[in-house]
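Undergrad: Build me a structure from this.
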Amino acid sequence: MLYGFPGRSHPAQRGEPTEGGVHGGELNMLDREGKAWAIRRFAGSAEGSQAGRGERLTVTVSDRNGGGP
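TA: Have a look, this model is predicted:
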């Protein structure tokens, strides 16, 4: 999740969905200050994106009330 997905030459380590869908997921955590972090990574870049290896990554942070940093 944090470092990307293994290449196609390592299918057993890739963990792709077996019944279709988008390859990826979300990791949520709270820091010591109570801010919520969400890290989302999905295979397949957005149309026209220059992201390396065809992955989409977003990181968002919000306080306990849903506001920004």
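
Undergrad: Where do the strands of this protein begin and end?
TA: Remark: strands assigned in the chain by DSSP state E are 24-30, 36-43, 55-62.

Undergrad: Any idea which of the ones you listed gets closest to Arg14?
TA: Arg14 lies closest, by Cβ to Cβ, to one member of the strands of the chain: strand 36-43, at 8.9 Å. C-beta coordinates here come from the backbone N, C-alpha and C atoms, glycine included.

Undergrad: State the distance from the residue nearest to the spatial centre of the chain to Pro17.
TA: The centroid of the chain falls nearest to Arg41 when counting by Cα atoms, centre = their mean (1.8 Å). According to Cβ to Cβ, to the nearest Å, Arg41 stands 14 Å off from Pro17.

Undergrad: just Trp37 next, same as before
TA: 24 Å.

Undergrad: Equivalent analysis for Phe5, please.
TA: 12 Å.

Undergrad: Please identify every residue contacting each of these two.
TA: Common contacts of Phe5 and Pro17 (Cβ atoms under 8 Å, 6 or more residues apart in numbering): His23.

Undergrad: which non-adjacent residue is nearest Pro17?
TA: Closest residue in space to Pro17, ignoring its immediate chain neighbours: His23 at 6.2 Å, by Cβ to Cβ, 6 or more residues apart in numbering.

Undergrad: Can you get me a residue count around the one you found?
TA: Per other Cβ atoms under 10 Å, the neighbour tally for His23 reads 14.

Undergrad: What does the pLDDT read for Thr18?
TA: Looking at Thr18, its pLDDT is 78.

Undergrad: Next, count neighbours for it.
TA: Applying other Cβ under 10 Å, we find 6 residues neighbouring Thr18.

Undergrad: And it, how far from Leu30?
TA: Counting by Cβ to Cβ - Thr18 and Leu30 are separated by 31 Å.

Undergrad: For Arg8, see how far away Val61 is.
TA: Using Cβ to Cβ, one obtains 32 Å as the distance from Val61 to Arg8.

Undergrad: out of the two, which sits in the busier spot?
TA: Val61 (12 against 8).
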